[in-house]
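1. Sequence and predicted structure are below.
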Amino acid sequence: MSVTHSQRSDDEILANLGYKPELKRSWSGFSNFAISFSVISILSGPFISFFIGWNNGGPAAISWGWPIVCALILVVGLCMGELVSAMPTSGGMYYWAAKLGSLRSSYFTGWLDFLGLLAIVAAVSYGCATFIDLTLSSFSEAWAADYSLTRVFLIFIGVLLVVTLLSIFSSHLLAIFNNISVWWHVIGTVAIIAIIIFLPERHASMADVFTQRINNSGWFDGETTGMGFIFLVLPLAVVLPQFTVTGYDASCHMSEETKGASNSAANGIWQAILYSAIGGWILLLGILFAVQDADAVTASGGSVVTVLNQALSGPWVSTVLVISTVGQCFCAMACMTSTTRMLFAFSRDGAVPGARLWTRLNKSGVPLYSVALVAGLAIVLTLPALVEVDINGAPVPVAFNAVVSIGVVGLYLAFVIPIYQRLRKGSAFQRGSWHLGRNYKWLGTIAVAEIAVTTVIALLPTSPLGAPWNPDFEWKYFNYTPLVVGGALLVLWLAWELRVKHSYTGPRHTVDLPAGLTSADELEIEFEEHHPGHHHHGHHVAGVEHAEQPSPARIGD
C-alpha cells in the first residue's frame, strides 16, 4: 500500500525531496500561517500605499478594487497551496520549477523570487521608517518642522539594523514574534476601525466611498472619464492590493521549519490571504468613510495621515499611527525571515555566487550572512528615495512606488512560472495531501491571467513626466521597475548562457542516505516496505477538494 505525505514524517518527506533537515523544525501550523499574515500585514500595505489607490481612481477604485483583486489573489494562493503541499521545501518556487519544468526556468524563477522578496523587504522597511517619522511628528512639532528625506532614510537604515539583529537570535524567537504579530494585527486593526468609526463627528456618504473618482496621477489633466482614465490611470490602483496581499510564499519558505508542513503551509497561504483581504477591506472602508475633505486629501498626494488628521484629534491620530507602525515593524521582520530562508535554499543548491557564505548557519540555526546581505541590498535598491519629487504640487514617493512595483513583478512572475508548469503537467502532477482536485484547471488559468495583467500594470509609468516619450520627461519621475526587472533578466540570461547552464544542476540531494541506497526515491521505497498498509484520509479545506491519494507524491519522477 502506498504512503502519502500525511502519514510520513516531515523529515521523510524532505528526504524524498532530496534534502537533509538542517533548519530547526520548531514552527507550528499557526506560526506558519502567522508569518504569511504578518508579511501581508494589513497594518502596513493599506497605510503606506493608500496614496496609490487614492491618486489613481480615488475612493471608488479602492472600495471596489480591493475585494475584486483580493479574490483573484486568493486563486493564486490556492494554486500555490497545492504546489507547496506536494513539495514543502524552503526553496519554494524555484524548486517546483525545476521539478515541473526545466533547470533554466528554475534558475530564472529563483532569481525573480529573490528580487521580489528583496524589494518587499525594502518597501516595507522604508514604509515603516516613514511611519516612525510621522508618529514622532505627531508627538513633537519641532520634529515635524525638521522633516527631510535624508532623516527618513536614516530611520530606514535603523529599521533594517534592528530587524537584522533580531533575525539572527533564533528561529524559535522569530516564530514567537510572528505569533504575537498576528494578535497585534487582529486587535490593532479592530481598535483602529473602532476609532475611525466612532470618533469622527461626521462621515463620508456611501456615494463618496463607492462612486467618487479621482485622478491625481497627472495623466489626462485630471479627467475621470474616458478610455485613458479607464485603461491607464485606474489600473494603477491595482498596485495597492497587489502589493499588500503578497509575500504569502513565506509559508513555503518556512516549510522546512514547520511541523506537518504538507498541510500547514498550504493552509497558511490561503488563510493568510482570505483573512487579510476581509480585514483590509473593512479597514480601508473605515478610512474612506473618515474622509472629511477629499480635495485636501488629494492636495496632500493621497496621504492617509491627512485623512486621520481631518477625522481625529491629535492623541487619537498618534494612537492609530503607533498601532500601524508597530505592525509594520513586525511585517519587516517577517519579510526578512522569509527572504533569508529563500536565499539559504537557493544558495544551498549552488545558484548564488558565494553560496557557502549564504548557507552558513550560526549557533541558533539562522543564516547570519544571508540576513546581512539582504539588509545591505535593500538599502542600495532604495537609494533613489532620497530624490525629492512633487506631482501636482504634492510630494509623491516615486522611488517608493518603483520599489513596490519591483516587489510585485518579481514575486508574481516567480509564482506564475510553476503554476503554469503545473497546468501543463495535468494529471501527471504528483499531488500532495492538500490539493485542488479537478479545479486546478480553471483556477490555474485564472491565476496565470491575473498575474499577466498585473505585471504589465506594474511596469507602466506612474506619471506623464516619467513617460520616456514625453518631451518634459525627467528621470526623477521615472518608474524604474522596467529597468531593474529588465536589467536583472538580461544579466540572468547572459549569466545562464555564458556559465550557469554548464554548472547549475538544480536542486541538489543533501540528504544522508542509509547505507546501500543511492537516491532519495529509494529511501521512500524502503520506507514503504517497512510501513505497509498505511491509509490516507483526505482533508477538506475551504471548499477545495482534498481527495484520497492512491499513490505517493514522488517528486521528480
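-> Yep, that arrived. Numbers count the residues shown, from 1 in each chain.
2. Any buried residues in whichever strand or helix holds residue 189, and which?
-> Assigned by DSSP states H and E, residue 189 belongs to helix 171-198. Using 16 or more other C-beta atoms under 10 Å as the test for burial, helix 171-198 gives 171, 174-175, 177-179, 181-182, 184-185, 188-189, 192-193, 195-196. In short, each C-beta sits where N, CA and C put it, glycine included.
3. Look up how far residue 422 lies from the residue nearest to residue 431 when sequence neighbours are not counted.
-> Leaving aside its chain neighbours, residue 431 sits nearest to residue 86 (5.7 Å; criterion: C-beta to C-beta, 6 or more residues apart in numbering). Distance, residue 86 to residue 422, by C-beta to C-beta, to the nearest Å: 9 Å.
4. Ok, residue 338 next?
-> Distance, residue 338 to residue 422, by C-beta to C-beta: 22 Å.
5. can you check residue 209 too?
-> 39 Å.
6. can you pull out the helices in the stretch 251-400 of the chain?
-> Residue ranges of the helices in the stretch 251-400 of the chain, as given by DSSP state H, counting those that start in this stretch, are 261-289, 294-299, 304-311, 314-348, 355-358, 368-381, 398-425.
7. quick one: the fourth one to helix 368-381, angle?
-> With axes from the mean of the first three to the mean of the last three C-alpha atoms, to 10 degrees applied, the angle from helix 314-348 to helix 368-381 works out at 120 degrees.
8. Who are the contact partners of residue 334?
-> Contact analysis of residue 334 by C-beta atoms under 8 Å, 6 or more residues apart in numbering lists 35, 38, 39, 41, 178, 181, 247, 250.
9. which residues of the protein score low on pLDDT?
-> The chain contains residues with pLDDT under 70 at 1-8, 23, 26, 170-171, 364, 391-397, 511-557.
10. Pull the number of nearby residues for the closest residue to residue 292 other than its chain neighbours.
-> What sits nearest to residue 292 in space, not counting adjacent residues and going by C-beta to C-beta, 6+ apart, is residue 310, at 3.9 Å. Other residues near residue 310 come to 17 when the count uses other C-beta atoms under 10 Å.
11. likewise residue 275?
-> Residues lying near residue 275 (other C-beta under 10 Å) number 18.
12. swap in the one 5 residues further on?
-> Taking other C-beta under 10 Å as the criterion, the count of residues near residue 280 is 24.
13. now it: how far from residue 177?
-> Look at residue 280 and residue 177: by C-beta to C-beta, they are 21 Å apart.
14. Same question for residue 131.
-> 19 Å.
15. quick one on the thing from earlier: to residue 107, which of the helices of the stretch 251-400 of the chain lies closest?
-> Closest to residue 107 of the helices of the stretch 251-400 of the chain, according to C-beta to C-beta: helix 314-348, at 9.4 Å.
16. hmm, back to that, does anything pack onto whichever helix or strand comes after the helix holding residue 189? Which helices or strands?
-> Going down the chain from helix 171-198, the next helix or strand is helix 206-211, by DSSP H and E. If contacts are counted by 3 or more C-beta pairs under 8 Å, 6 or more residues apart in numbering; DSSP states H and E, helix 206-211 sits against helix 59-86, helix 261-289.
17. need those helices in a markdown table with distance to residue 363, can you?
-> Shown next, in a markdown table, are the helices and strands packed on helix 206-211 (distance: least, C-beta to C-beta, whole Å):
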| stretch | distance to residue 363 |
| --- | --- |
| helix 59-86 | 29 |
| helix 261-289 | 24 |
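18. re earlier: output the helices of the stretch 251-400 of the chain in a markdown table, with distance to residue 100 appended to each entry.
-> Below are the helices of the stretch 251-400 of the chain laid out as a markdown table (distance: least, C-beta to C-beta, whole Å):
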| stretch | distance to residue 100 |
| --- | --- |
| helix 261-289 | 17 |
| helix 294-299 | 46 |
| helix 304-311 | 41 |
| helix 314-348 | 17 |
| helix 355-358 | 23 |
| helix 368-381 | 26 |
| helix 398-425 | 4 |
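19. Who are the contact partners of residue 114?
-> So, once contact is read as C-beta under 8 Å, 6+ apart, residue 114 ends up touching 339, 342, 343, 346, 410.
20. Could you list the buried residues of the helix of greatest length in the chain?
-> Scanning the chain for the helix with the most residues, using DSSP state H, yields helix 103-139. Buried residues in helix 103-139, defined by neighbour count with 16+ other C-beta under 10 Å: 103-138.
21. likewise stretch 54-62?
-> Burial within stretch 54-62, assessed by neighbour count using 16+ other C-beta under 10 Å, is assigned to 54, 55, 56, 57, 58, 59, 60, 61, 62.
22. Same question for stretch 141-152.
-> So for stretch 141-152, counting by 16+ other C-beta under 10 Å, buried means 149, 152.
23. That stretch spans what distance, first to last residue?
-> Stretch 141-152 has an end-to-end distance of 16 Å (criterion: C-alpha to C-alpha, to the nearest Å).
24. Over to stretch 196-206?
-> Terminal residues of stretch 196-206 are spaced 16 Å apart (C-alpha to C-alpha).
25. which residues are contacting that stretch?
-> Contacts with stretch 196-206, where a contact means C-beta under 8 Å, 6+ apart, come from 59, 286-292, 294, 308, 311-313, 316, 320.
26. center of this protein, which residue is that?
-> residue 247 (1.8 Å; C-alpha atoms, centre = their mean).
27. what sits against it?
-> Applying C-beta under 8 Å, 6+ apart to residue 247 gives the contacts 36, 39, 40, 117, 120, 334, 335, 338, 411.
28. which among those residues gets closest to residue 368?
-> Using C-beta to C-beta, residue 338 is the member of these that lies nearest residue 368, at 16.3 Å.
29. The closest residue to the closest one other than its chain neighbours: what's it in contact with?
-> Nearest non-adjacent residue to residue 338, counting by C-beta to C-beta, 6+ apart: residue 250, 3.7 Å away. Residues in contact with residue 250 (C-beta under 8 Å, 6+ apart) are 35, 36, 38, 39, 334, 335, 337, 338.
30. distance of the spatially closest residue to residue 322 that is not a sequence neighbour from residue 483?
-> The spatially closest residue to residue 322, leaving aside those adjacent along the chain, is residue 135, at 5.8 Å (C-beta to C-beta, 6+ apart). Per C-beta to C-beta, residue 135 is found 33 Å from residue 483.
31. Could you do residue 471 as well?
-> For residue 471, the distance to residue 483 (C-beta to C-beta) stands at 20 Å.
32. before we move on, what about residue 185?
-> With distances taken as C-beta to C-beta, residue 185 is found 34 Å from residue 483.
33. cool, and residue 51?
-> Look at residue 51 and residue 483: by C-beta to C-beta, they are 23 Å apart.
34. ok, which stretches of the stretch 401-550 of the chain are helices?
-> Counting by DSSP H, counting those that start in this stretch, one finds helices in the stretch 401-550 of the chain at the ranges 440-458, 481-495, 501-503, 520-530.
35. For residue 299, find the nearest of those helices.
-> With C-beta to C-beta as the criterion, residue 299 lies closest to helix 440-458 of the helices of the stretch 401-550 of the chain, at 25.6 Å.
36. Quick check: the residue nearest to residue 322 touching residue 319?
-> No - between residue 135 and residue 319 there is no contact under C-beta atoms under 8 Å: 9.8 Å.
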